[in-house]
Structures are given as structure tokens and as C-alpha cells.
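J.: Sequence plus predicted model, see below.
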Amino acid sequence: TIVNTFWQVISFPLTPLGAVITFLGVSLANGLKKVNGRLVLIGLVILSISSTPLVARTLIDQSERAVQRAYESQRALCSDICTVDDIPFNLARAMVVIGDNADAGLSSSLPSRIDSQVRLDPILVSRLNSAADLYRRLSGVNPWVTVTAGARTSGEEGKPLNEAIRQVLSARGVPADRVELINTGLDIHGVVEHQKKFLKDRGLFTPAAGNPRRQTQRNNREANRVVLVAPALTMRRAALAFEQQGLQVVAWPTELYGAGAVQEDSKLARLVDLVPNVAALWLTTRYWEELLTSLYYYLRGWLPPFTMQWDGVIEVIETLP
């Protein structure tokens, strides 16, 4: 939407790269011969810190470990009446795969391609494969699978991409007639609204007990679930956006960059961790963009209050080591 696009533009200076460009630009306000060295130094410090692998890994690991803590919390809460793994097998009626272009920011606006014959981003293919593996675990439930294919798969020009997505899922055992591709623009909130209507139309929407905006009770044995397949970094915001609308979520996080990573003890490996590189800048930018997007969602009323502990609400299938 226009509002989402406008938010991405005005929040750009708050990202690591945007901040650096802003400081360097302001430092040139009086011309090349009168560069403000202090502003240049601030820009270089921001760039160096945000490009350091140790910093990037620490930030990403913090987000991914939150998913692990949510799993452990739910396992403790359900110990008397169920196990977390029982829930998706018995109550999963739909699966949502956060695919290409959902909340697309600067870090994902230029998707890669393996070659000219492969139309899908390899990261998206990996996410679809993970969703298909999970679908096979839900034997007997046969949930609907919704993929947020993004704006590029709309209209006649999007048919090849739609077919490619269906082929990836079908090849791994997901029936083509259970797959729905939607164009939600660029935001996860649009996915939530669509999925709520989709389930209502099929009589599968059973909202959580109480006010969905201030949930204090959970009908864990009767409410249908939506299995959410999304990157671990965005899982907290995506899952809470669903829960805010009364859609109970079972989280299936993908693309783990930090949690469980093997740390080498050699001095050389530790030294490399302190050398700035582009990959670290990309990860740091993704983390920061997620914080900004979460703030935007909160201001729009699409997320519950920040005081809400998400690990007591979201059910997570254990995927982290």
C-alpha cells in the first residue's frame, strides 16, 4: 500500500546504510572543501559496527533464541494436558508460507536467481521445501496451504511464477488443489486479513477465548490453528499479528542464521569475526528493518502491546538445535 511504501522511504535513514548515507550527505552541506569530519567519523563508526560479523551474529542470535524460548515455555505450559507437537497434528487446518515480497524491504528487494531458467528466489524455494516437509508431518489433517507470492505474481505475467511455486510444492507431496497463491501487496498484515476471511468462508475460524486483543485464556483443545512458516527473524511479529486477530498460530521458523551456529575456538576465527563484511551488514540491516517494521505495526494497531509476552501465546514446533 501507499502507507507501507511511504514508511519504508521515511525509515530508510534509520537503517545502518541509510544512516551512513545521511551523515555523509550532511557532512558535505558546506561543499567538498569544508567537509564536516565529525559527521564523517560518525558515519564510518556506524558502518564499521553494523558490518562486523560478531555484532550481526549477536543481534540475529538474540531474535532466533526468542523462538527457542517460546517453544520451551509452551512445552512447560502444555505438559499437563498435551505436548506442543500434538497441536499441529490435530488442529492445524491451514498453513501460511510467508513467501516472496512480504514486507519487502531494501534487504530483499533484489532477489537472486540461480540461472535464467529458474524464476524463483533460492531462499523462497528453500522455504517452500521446508513447508512441504512439514505438510507431510501433518498426515491425515490435509491443511490448506497459502503462499504469499507477492505482487510480482499477479496478473498474466505472474502465471509462470505461480506455476513454479505450485510445482515446487507438488513435487514434494503437497496436492496442487490445496495450494492457494495470494497477492497481498507487501505486508504481512494483508496476509492476516486474507487468511482470516479464507478460514471464515470455510467454517474453519475458531477464535481464541476472550478478547483477541487481550487474550488471557486459551482453548488449546478445540481452536483450529494456522501453521505459520516464516523466517525466524520475522516470526515474532508475524505470529503476533495473527494472534492479534484471534488466529491461533503454530510457528515453524526457517532461515536460522544465528541460533545453534557452531562457534570455532581458534584465534583466527575470532579475528575474522571482527573484520567488517557485506554479509554482516546485510544481516544487521535485516534485524534493524524488522525492529522498524514492528514499530510501524504497533503504531497501526496490528500488534498487541509490547508488554505482552509472546512466548506464553505462540506455540512453536521445535526446529532449533
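T.: Alright, I've got the coordinates. The structure displayed is predicted, hence computed values, not measured ones.

J.: in the protein, which helix has the most residues?
T.: The helix that spans the most residues within the chain, counting by DSSP state H, is helix 53-77.

J.: Now do the strands in the protein.
T.: Taking DSSP state E to define them, one finds strands in the chain at 92-97, 144-148, 179-182, 225-231, 248-254, 315-316.

J.: could you dump those to JSON lines with distance to Trp7?
T.: Just so you know, the C-beta spots here come from the backbone N, C-alpha and C atoms, and that holds for glycine as well. Output for those, formatted as JSON lines (distance: least, C-beta to C-beta, whole Å):
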{"stretch": "strand 92-97", "distance to Trp7": "23"}
{"stretch": "strand 144-148", "distance to Trp7": "19"}
{"stretch": "strand 179-182", "distance to Trp7": "22"}
{"stretch": "strand 225-231", "distance to Trp7": "20"}
{"stretch": "strand 248-254", "distance to Trp7": "24"}
{"stretch": "strand 315-316", "distance to Trp7": "28"}
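
J.: Buried residues in stretch 51-65, which are they?
T.: For stretch 51-65, a neighbour-count test (16 or more other C-beta atoms under 10 Å) marks Ser51, Thr52, Pro53, Val55, Ala56, Arg57, Leu59, Ile60, Asp61, Ser63, Glu64 as buried.

J.: pull the CA atoms of it into PDB?
T.: The C-alpha trace of stretch 51-65 is given here as PDB (Å, rounded to 0.1, in the frame of the first residue of the first chain):
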ATOM      1  CA  SER A  51      29.300  -4.600   9.300                       C
ATOM      2  CA  THR A  52      31.100  -6.600  12.000                       C
ATOM      3  CA  PRO A  53      30.100 -10.300  12.000                       C
ATOM      4  CA  LEU A  54      30.300 -10.500  15.700                       C
ATOM      5  CA  VAL A  55      27.700  -7.800  16.100                       C
ATOM      6  CA  ALA A  56      25.400  -9.100  13.400                       C
ATOM      7  CA  ARG A  57      25.500 -12.700  14.800                       C
ATOM      8  CA  THR A  58      24.800 -11.400  18.300                       C
ATOM      9  CA  LEU A  59      21.700  -9.500  17.200                       C
ATOM     10  CA  ILE A  60      20.300 -12.300  15.000                       C
ATOM     11  CA  ASP A  61      21.000 -14.900  17.600                       C
ATOM     12  CA  GLN A  62      19.000 -12.900  20.100                       C
ATOM     13  CA  SER A  63      16.000 -12.900  17.900                       C
ATOM     14  CA  GLU A  64      16.200 -16.600  17.000                       C
ATOM     15  CA  ARG A  65      16.800 -17.700  20.600                       C
END
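
J.: Make TSV out of the buried residues of stretch 51-65 and add pLDDT.
T.: Output for the buried residues of stretch 51-65, formatted as TSV (pLDDT from 0 to 100):
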residue	pLDDT
Ser51	96
Thr52	95
Pro53	92
Val55	92
Ala56	92
Arg57	88
Leu59	88
Ile60	87
Asp61	86
Ser63	79
Glu64	79
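
J.: In TSV: these, plus distance to Glu163.
T.: Shown next, in TSV, are those (distance: C-beta to C-beta, whole Å):
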residue	distance to Glu163
Ser51	39
Thr52	42
Pro53	39
Val55	41
Ala56	36
Arg57	38
Leu59	38
Ile60	34
Asp61	38
Ser63	34
Glu64	33
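
J.: Next one: Arg172 from Leu17, what distance?
T.: 37 Å (C-beta to C-beta, to the nearest Å).

J.: try Leu124
T.: In terms of C-beta to C-beta, Leu124 sits 23 Å off from Leu17.

J.: For these two, indicate the residue with more neighbours.
T.: Comparing Leu124 with Leu17 by other C-beta atoms under 10 Å, the one with more neighbours is Leu124, at 24 against 20.

J.: low-confidence ranges in this protein?
T.: Applying pLDDT under 70 to the chain flags the ranges 1-4, 71-90, 100-119, 139, 150-159, 184-186, 206-222, 258-269, 306-321.
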